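Engineer: Show me how the following folds:
(chains A and B)
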Amino acid sequence: MLATLAQAVINGLLIGGIYALVSIGVTLIFGVVKIVNFAQGEFVMIGMYISFFLATYFGVDPLLSLLVSMPVLFCVGALLQHFLIRRVLALGDMPQIFLTFALSLLLLNLALLLFTANYRTVQTAYSETAIFLGPLNVPVAKLIAFVVAMALSALLWVFLHATDLGKAMRAAAQNRDVAMLMGINPDRVFAVAVGVALALAGAAGSLLMPFYPAYPMVGQVFVLMAFVAVVLGTLGNVTGALIASLMMGVAESLGIQFVGADSGLIVVFAMLLLTLALRPNGLFGGWTR
Amino acid sequence: MTRTLLGRSGPWLAALAAAALALPFVSSPFAIDIFIRILLFAFVGVAWNLMGGYAKQLSLGHAAYFGLGAYTSTILMIDYDVSPWIGMLAGGGVAMLASLPIGALCFRLRGPYFAIATIATAQVLMLLFLKFRDFAWGAEGTTIPNLGSAPLMMQFEGKAPYYYIALALLALGLVITHRIERSWVGYYLVAVGEDEDAAEAIGVDALKIKRNIYMLSAFLTALAGTFYVQYIYFIDPNTAFSFNVSVEAALVSIVGGIGTLWGPVVGTILLEASSALLQSWLGGGHGGVQLTVYSLILIAVILYRPTGLIGLFADAYARIVRTGPGAAKEVPLDG
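Structural biologist: I've put the predicted structure just below:
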């Protein structure tokens, strides 16, 4: 019983690391640009397909293809901000919500057209191996994904706190107008913020590829998780999103273990609705980032 | 703008109604099927628009009420032999009741997070209906028993009767919207949609008015759900609570003209027509084409015409009226 519990917690934490990459991206864009990116999950999907095709046609290890998917998606993000998001920033809720929502629909359905709905998997040497710790087993691919995800999150934290651009980004997140008065160039900061967020989504995709199938709808799973984590972790709070993502991974895993295989999402949504009812400002409402 | 459109356009409206009534006599069953889809989704769009358009509460979870309507009437019909006509109203009632707790939760959030919370509620309902198999057939769903020609059980031979039911539903939705648009409720809704805090400051009970319009919107959406399963003779959670229903409800309103009487109708005709054309052009088996085109249209509308395409028609109409004989001269306010 205890071993089952511990195993479920481990599984949850490991996948929670991936959720963290996605939700940190969502919360970063929300914090800086004040837009909810409904298409974040589709960029995870694109990251997965990049890794899949590199692995299938060039034999590149999915973890190595991180070096391709991240820069590619960073550029996509900067262009997305410059050519699309920037144009709706002065408009109301409707254009802001439905622009990225339409983008999500577009990317998903283009993927369906181009790649069909088939599941694509990549087998690596470490896809099936696991480390055994007594009765517990830790799948190597998931462990690597978790460690890299945490390292990238730490790197982002350093970037936000130790570089001028990162500080400018945090300043813009705290008070956009004052930040602009201090001479921060919003176009540049916003483009970098969206770029970084998409690069994280791309990283999540590449990290998932050794143990998770790629298919056009795959992003929906991760983006729903991310939205819940972002609300739970307080909108715009990067650390909050990270902690909440790990919690959600564990909650989902416990739900699957103890309630039933198809109840993971119900547990997650129940958490969202409970949060809304009890702590609508998230668990970390009072904290600053 | 739409108000003047309707006010001055009695003859136009009569012609439109006559054309709509005559349509089944001149079209093939295939075409009628498309028209029924257009009428039904225009009606769902009109229901969504009451809340999403006028009060700017951008729900992406109206499938919740579509599904509740569908399941209520189907359970009543199969398990208790209750006519779907009664089940339809019961479904509307269930949807109204469900909208109260859902609204209580979701209205704590604004803007994008309201939209996300509504997605979550619809998904939770779908997951619940997938899980509770002894209560509602689980994931396999069920076919609706075909009783042949049984108008009292909302079953008919041929498609024309379904067409007229869908037309009646749409007319009902438009009349309700028109009445609301012209009453104080409409102004309150628009005030809440423009700036909730400002509306509260001048004495509008924003929460109450949002709750009430949400109930009405849920009720109407549920009627569409009942009709839809009666029409396709099949129900399962993925059909009844389909995310596509939530998306289409919002999309047709936005593309046509959010917060306008005829916007959802214009939007549905455009989107469904484009989808039908694509289908006949490409044939089947191209999953994703329809929504690819929808999303491209949506992006274009948001970037170039965020008030919706109905504005194009209204502008053209205004030009005709202004330049036509007997057109009213515009008098400056301070003149």
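Engineer: switch to C-alpha atoms for all contacts and neighbour counts from now on
Structural biologist: Will do.
Engineer: Could you list the residues of chain A in contact with chain B?
Structural biologist: A:36, A:87-88, A:93-95, A:97-99, A:102-103, A:105-107, A:109-110, A:112-113, A:116, A:227, A:266, A:269, A:272-273, A:276-277, A:280 (Cα under 8 Å from any Cα of the partner chain).
Engineer: what's near enough to touch the closest residue to chain B within the stretch 51-200 of chain A?
Structural biologist: Proximity of the stretch 51-200 of chain A to chain B (Cα to the nearest Cα) peaks at residue A:109, 4.5 Å away. Shown in contact with residue A:109 (Cα atoms under 8 Å, 6 or more residues apart in numbering or on different chains): A:216, B:287, B:288, B:289, B:291, B:292.
Engineer: swap the cut-off to 6 Å and go again
Structural biologist: B:288, B:292 (Cα atoms under 6 Å, 6 or more residues apart in numbering or on different chains).
Engineer: Restricting to C-alpha, output the one helix or strand it maps to in CSV.
Structural biologist: Taking DSSP states H and E as the criterion, residue A:109 maps to helix A:93-115. C-alpha atoms of helix A:93-115 as CSV (Å, rounded to 0.1, in the frame of the first residue of the first chain):
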residue,chain,number,x,y,z
ASP,A,93,-11.2,40.4,-24.2
MET,A,94,-12.8,38.9,-27.2
PRO,A,95,-10.1,39.5,-29.8
GLN,A,96,-7.4,38.6,-27.2
ILE,A,97,-9.0,35.3,-26.2
PHE,A,98,-10.1,34.2,-29.6
LEU,A,99,-6.9,35.1,-31.5
THR,A,100,-4.8,32.5,-29.7
PHE,A,101,-7.8,30.2,-29.5
ALA,A,102,-8.1,30.4,-33.3
LEU,A,103,-4.4,29.8,-33.6
SER,A,104,-4.8,26.7,-31.4
LEU,A,105,-7.6,25.4,-33.7
LEU,A,106,-5.6,26.2,-36.8
LEU,A,107,-2.4,24.4,-35.7
LEU,A,108,-4.3,21.4,-34.4
ASN,A,109,-6.2,21.0,-37.6
LEU,A,110,-3.3,21.7,-39.8
ALA,A,111,-1.4,18.9,-38.0
LEU,A,112,-4.4,16.7,-38.5
LEU,A,113,-4.3,17.4,-42.2
LEU,A,114,-0.6,17.1,-42.6
PHE,A,115,0.3,14.3,-40.2
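Engineer: how about that helix: buried residues?
Structural biologist: A:93-113 (16 or more other Cα atoms under 10 Å in any protein chain shown).
Engineer: tell me what the following helix or strand past that helix is packed against?
Structural biologist: Using DSSP H and E, the helix or strand that follows helix A:93-115 towards the C-terminus is strand A:130-133. The contact analysis (3 or more Cα pairs under 6 Å, 6 or more residues apart in numbering or on different chains; DSSP states H and E) places strand A:130-133 against strand A:136-139.
Engineer: And the contacts of the host helix or strand of residue B:198?
Structural biologist: Element membership for residue B:198, per DSSP H and E: helix B:196-201. Helix B:196-201 is touched from outside by B:191, B:192, with contacts defined as Cα under 6 Å, 6+ apart.
Engineer: Now it: buried residues?
Structural biologist: B:196, B:199.
Engineer: Quick check: closest non-adjacent residue to residue B:269.
Structural biologist: residue B:38 (6.1 Å; Cα to Cα, 6 or more residues apart in numbering or on different chains).
Engineer: Nearest residue to residue A:77 in space, please, no chain neighbours.
Structural biologist: residue A:195 (4.0 Å).
Engineer: Can you give me the distance of that neighbour to residue A:50?
Structural biologist: Applying Cα to Cα, to the nearest Å, the value for residue A:195 to residue A:50 is 17 Å.
Engineer: Same check on residue A:208?
Structural biologist: For residue A:208, the distance to residue A:50 - Cα to Cα - is 12 Å.
Engineer: Pull out the buried positions in the particular helix or strand that has the residue nearest to residue B:269 in it.
Structural biologist: Using DSSP H and E, residue B:38 sits within helix B:29-49. Across helix B:29-49, burial judged by 16+ other Cα under 10 Å covers B:32-49.
Engineer: what's that helix in contact with?
Structural biologist: Under Cα under 6 Å, 6+ apart, the answer for helix B:29-49 is B:163, B:166, B:167, B:170, B:217, B:220, B:221, B:249, B:253, B:264, B:265, B:268.
Engineer: thinking again about what came up before, between residue A:208 and residue A:50, which is the more surrounded one?
Structural biologist: residue A:208 (27 against 22; other Cα atoms under 10 Å in any protein chain shown).
Engineer: any idea how far the more buried one is from chain B?
Structural biologist: As judged by Cα to the nearest Cα, to the nearest Å, residue A:208 and chain B stand 24 Å apart.
Engineer: Distance-wise, check that residue relative to residue B:194.
Structural biologist: From residue A:208 to residue B:194 the distance is 43 Å (Cα to Cα).
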